[in-house]
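**Student:** Sharing a model that was predicted from the sequence below.
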Amino acid sequence: MKVKEQAEAQQEYLVSMRREFHRHPELSRQEYQTAARIEQELDRMGISHRRVGETGVYAALKGTLPGDRVIALRADIDALPVTDQKEVPYRSEVPGVMHACGHDAHTAALLGAARLLVENRGQFGGEVRLIFQQAEEIGYGARVFLEEGLLDGAQRTFGVHMASDLPAGTVAVCPGPNNASVDHFKITVEGKGAHVSTPQLGADALYAASQIVVGLQGIVTRMISPVDPVILGVGTLHAGEGYNVVAKQAVLEGTTRTFSAETRRLVNEKATELACQTAALYGAAARAEWDDYTSPLVNDPEICREVWQTVKEQFGEQSLITSRPLSLGGDDFAELQLRVPGVYAYIGSHNEAMPDTLCAHHNGHFDIDERCLPIAAGLYAAYAMDFLTGKVG
């Protein structure tokens, strides 16, 4: 029996777990109940586990055949500060918190994969590490697992994500860049207050900040290749104490998104340089503070070919998608890939007959066609077994 068929036999379990997580979502770094529920399921399977960073869960199981290969499978488990607007029995029971990005499905799928691996452990050797990762939405959790050395010695890492732009029954495994880096910046401009009638006696932080906002776009249009996608966006600008007072301070915040480490470095360096020089031009001073959320997510082309083989054998060649538009949203699975070669696959989750499944991620109506759950669980398990047995790689 194919792993696919074994996964399909778990449909009821997968749906039940996904809906349970959907009803009880928890925000980043608050996933205590979610982690406890994962641990309960792992206990039932006889898989040893431990907490990571309070709300993450790490588990490992070995096959009974000889082998020394190691693969890490990752699922993110956190929810979003979004109000669930769906009228369904599994609607979120937590006001203002919702699984609006499919992490409930990822968690259920990895638990399903664990069951499949336990069932088939007599057919492979080596070790599978299960990464139930907290706080993906804030770019925190992946680094916690790395800092604790839980991917040391692994030769592969693999993850999946629901994709509302793709129909259920399909799997996108695309070589090269898939998701952008994500950085947050805060630029503080310090000027000097004065009466609006005597601007020459002050240093207008608001005016300097406005020129910085405009100038930042010149980095994108004049310093970066037009075929290299970049976002350098400012979302907030706060300044001033009164309508007739030259602002003595201004604070602006925004984000940069890029698809290569080189472009990321250049954009962030130039943004800081421009802010400081522009402020100085108007007699003010600026400082830039950066939060590094995640690196660009880049799939290894050779490992993509390995996963393609698994997808074709399990689900048929018609299910495989090898090219998909780039996403300027980030995912800290990228941090795992920087340490261990790996691939991130996208699981088609929409159904034209189910309008909520067509909604964008992070939307209050977001939902999935749950028939995609056995595909996600089956792919986790089947690729792990293919790699551990040496069938691929």
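**Tutor:** Arrived safely.
**Student:** got a list of what Ala194 touches?
**Tutor:** Taking Cβ atoms under 8 Å, 6 or more residues apart in numbering as the criterion, Ala194 is in contact with 200-202, 245-246. In this view, the C-beta of every residue, glycine as well, is placed from N, C-alpha and C.
**Student:** out of the residues you listed, who's nearest Glu313?
**Tutor:** Taking Cβ to Cβ as the measure, Glu313 sits nearest to Val246 out of the contacts of Ala194, at 69.1 Å.
**Student:** The closest residue to that closest one other than its chain neighbours: how many residues sit nearby?
**Tutor:** Of all residues not flanking Val246 in the chain, Gly202 sits nearest, at 3.8 Å (Cβ to Cβ, 6 or more residues apart in numbering). Residue crowding around Gly202 was assessed by other Cβ atoms under 10 Å; the count is 21.
**Student:** Gly202 touches Lys192, doesn't it?
**Tutor:** Yes - counting by Cβ atoms under 8 Å, Lys192 is a contact partner of Gly202 at 4.6 Å.
**Student:** Quick check: neighbours shared by these two?
**Tutor:** 246, 248.
**Student:** now for the contacts of Ala194, which pair is the farthest apart?
**Tutor:** Gln200 and Val245 (14.6 Å).
**Student:** out of these two, which sits in the busier spot?
**Tutor:** Remark: of Gln200 and Val245, Val245 carries more neighbours, 14 against 8, as counted by other Cβ under 10 Å.
**Student:** Quick check: the more buried one vs Leu281, distance?
**Tutor:** Applying Cβ to Cβ, to the nearest Å, the value for Val245 to Leu281 is 21 Å.
**Student:** Repeat that for Gly330.
**Tutor:** Separation of Gly330 from Leu281 (Cβ to Cβ): 33 Å.
**Student:** And those two? Which one has more around it.
**Tutor:** Neighbour comparison, Gly330 and Leu281: the larger count goes to Gly330, with 22 against 10 (by other Cβ under 10 Å).
**Student:** in what helix or strand does Tyr346 lie?
**Tutor:** Taking DSSP states H and E as the definition, Tyr346 sits inside strand 342-350.
**Student:** Quick check: neighbours of that strand in the sheet, parallel or antiparallel?
**Tutor:** Here strand 342-350 has these sheet partners by DSSP bridges: strand 156-167 (parallel), strand 171-172 (antiparallel).
**Student:** rewinding a little: just the ones in strands from the contacts of Ala194, please.
**Tutor:** By the criterion of DSSP state E, membership of the contacts of Ala194 in strands covers 245-246.
**Student:** Let me know the closest of the contacts of Ala194 to Leu42.
**Tutor:** Val245 (60.4 Å).
**Student:** What average pLDDT does stretch 345-365 get?
**Tutor:** Across stretch 345-365, pLDDT averages out at 98.
**Student:** Sorry, wrong one. I was asking about stretch 192-201.
**Tutor:** 97.
**Student:** Of all the residues in that stretch, which ones are buried?
**Tutor:** Under the neighbour-count criterion of 16 or more other Cβ atoms under 10 Å, stretch 192-201 has 193-194 buried.
**Student:** Check stretch 86-94 too.
**Tutor:** Those would be 86, 90, 92, for stretch 86-94 by 16+ other Cβ under 10 Å.
**Student:** Start and end of that stretch, how far apart?
**Tutor:** Separation of the first and last residues of stretch 86-94 by Cα to Cα, to the nearest Å is 13 Å.
**Student:** all strands of the stretch 51-200 of the chain, in order?
**Tutor:** Using DSSP state E, counting those that start in this stretch, the strands found in the stretch 51-200 of the chain span residues 56-62, 65-76, 125-133, 156-167, 171-172, 176-179, 182-190, 194-195.
**Student:** Rebuild these as a markdown table, extending it with distance to Glu5.
**Tutor:** Listed next are the strands of the stretch 51-200 of the chain as a markdown table, based on distance: least, Cβ to Cβ, whole Å:
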| stretch | distance to Glu5 |
| --- | --- |
| strand 56-62 | 21 |
| strand 65-76 | 20 |
| strand 125-133 | 20 |
| strand 156-167 | 19 |
| strand 171-172 | 17 |
| strand 176-179 | 29 |
| strand 182-190 | 39 |
| strand 194-195 | 76 |
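**Student:** Pop the domain breakdown of this protein in here.
**Tutor:** Following automatic domain parsing, the chain resolves into domains at 3-177+297-388, 182-294.
**Student:** Please identify the deepest-packed of the ones you listed.
**Tutor:** By mean neighbour count, with neighbours taken as mean count of other Cβ atoms under 10 Å, domain 3-177+297-388 ranks first of those at a mean of 20.
**Student:** Any idea how far apart the tips of it sit?
**Tutor:** Using Cα to Cα, one end of domain 3-177+297-388 lies 15 Å from the other.
**Student:** now do stretch 317-326
**Tutor:** End-to-end distance of stretch 317-326 (Cα to Cα): 22 Å.
**Student:** what does that stretch contact?
**Tutor:** Defining contact as Cβ under 8 Å, 6+ apart, one finds that stretch 317-326 is touched by 163, 165-166, 169-175, 177-180, 229, 259, 304, 308, 311-312, 346, 348, 375.
**Student:** thinking again about what came up before, as a markdown table, the buried residues of stretch 86-94 with distance to Gln217 and pLDDT would be great.
**Tutor:** Formatted as a markdown table, these follow (distance: Cβ to Cβ, whole Å; pLDDT from 0 to 100):
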| residue | distance to Gln217 | pLDDT |
| --- | --- | --- |
| Lys86 | 38 | 98 |
| Tyr90 | 43 | 99 |
| Ser92 | 38 | 99 |
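**Student:** what's the closest of those to His184?
**Tutor:** Distance to His184 across those (Cβ to Cβ) is lowest for Ser92, with 26.5 Å.
**Student:** Next one: the residue nearest to Val246 from Val189, what distance?
**Tutor:** According to Cβ to Cβ, Gly202 stands 13 Å off from Val189.
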